[in-house]
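Trainee: Have a look; sequence and predicted model below, questions after that.
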Amino acid sequence: MKLELGVEDVAYSDPDAKGATTTGEVAEILEAKYHVMRVFAELHGQDMADAITKDLANSMDAILHGEKISKVPLQSAMNQIEADFRDYLSADEWQKTSGQAIAAAQNGVSHRFKSARNTEGKRGPRPAFIDTGLYQRSFRAKV
């Protein structure tokens, strides 16, 4: 068995019609440049192991009591890991751990708004890697 961390490949909308970018492409860029998922795995490796261990123990318990188990192995653990990754991004743990700053995040740039560049200066900083939220929502863990 192997634990894989990645994203569901979904296209970002492209208002400039310059071609679609996908979450898979963005994830590859972010991983190559910032190691976002690797840092998450390093920080939360024990949490992931604990979630998998708990899920396996619950399945063994169910088997020993003659109960049915999920057809999708370790689904509960995968859901927990996905929730933990989303929390990791929301809490800006990557930036706190690495000590690096992402200029767009610091400047409040967000493509969720009509004026993405925050030229009015009305928005404060946002967590790194949560511009539209699609990368965060598309994260998946699987075995």
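Mentor: Perfect, I can see it now. Since the model is a prediction, treat every value here as computed from it, not as a measurement.
Trainee: tell me which residues in stretch 80-92 are buried?
Mentor: Under the neighbour-count criterion of 16 or more other CB atoms under 10 Å, stretch 80-92 has 80-82, 84-85, 88-89, 92 buried. C-betas here are computed from N, CA, C, even on glycine.
Trainee: Which of those fall in helices?
Mentor: 80-82, 84-85, 88-89 (DSSP state H).
Trainee: Between these, which sits nearest residue 125?
Mentor: Using CB to CB, residue 89 comes nearest to residue 125 of those, at 13.9 Å.
Trainee: Just list the residues touching that closest one, thanks.
Mentor: When contacts are counted by CB atoms under 8 Å, 6 or more residues apart in numbering, residue 89 touches 36, 127-130, 136.
Trainee: The strand or helix carrying residue 49 packs against which elements?
Mentor: Assigned by DSSP states H and E, residue 49 belongs to helix 36-64. If contacts are counted by 3 or more CB pairs under 8 Å, 6 or more residues apart in numbering; DSSP states H and E, helix 36-64 sits against strand 4-7, helix 23-34, helix 75-90, helix 93-98.
Trainee: As JSON lines, those with mean pLDDT and distance to residue 67 would be great.
Mentor: Below are the helices and strands packed on helix 36-64 laid out as JSON lines (pLDDT from 0 to 100; distance: least, CB to CB, whole Å):
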{"stretch": "strand 4-7", "mean pLDDT": "97", "distance to residue 67": "28"}
{"stretch": "helix 23-34", "mean pLDDT": "94", "distance to residue 67": "37"}
{"stretch": "helix 75-90", "mean pLDDT": "97", "distance to residue 67": "15"}
{"stretch": "helix 93-98", "mean pLDDT": "92", "distance to residue 67": "37"}
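Trainee: how about the ones you listed, which one is nearest residue 105?
Mentor: The nearest among these, by CB to CB, is helix 93-98 at 7.6 Å.
Trainee: Would you tell me what the next helix or strand after that closest one is?
Mentor: Following helix 93-98 in sequence order, the next helix or strand is helix 103-106 (DSSP H and E).
Trainee: how about that next one: buried residues?
Mentor: In helix 103-106, counting by 16+ other CB under 10 Å, buried: 104-105.
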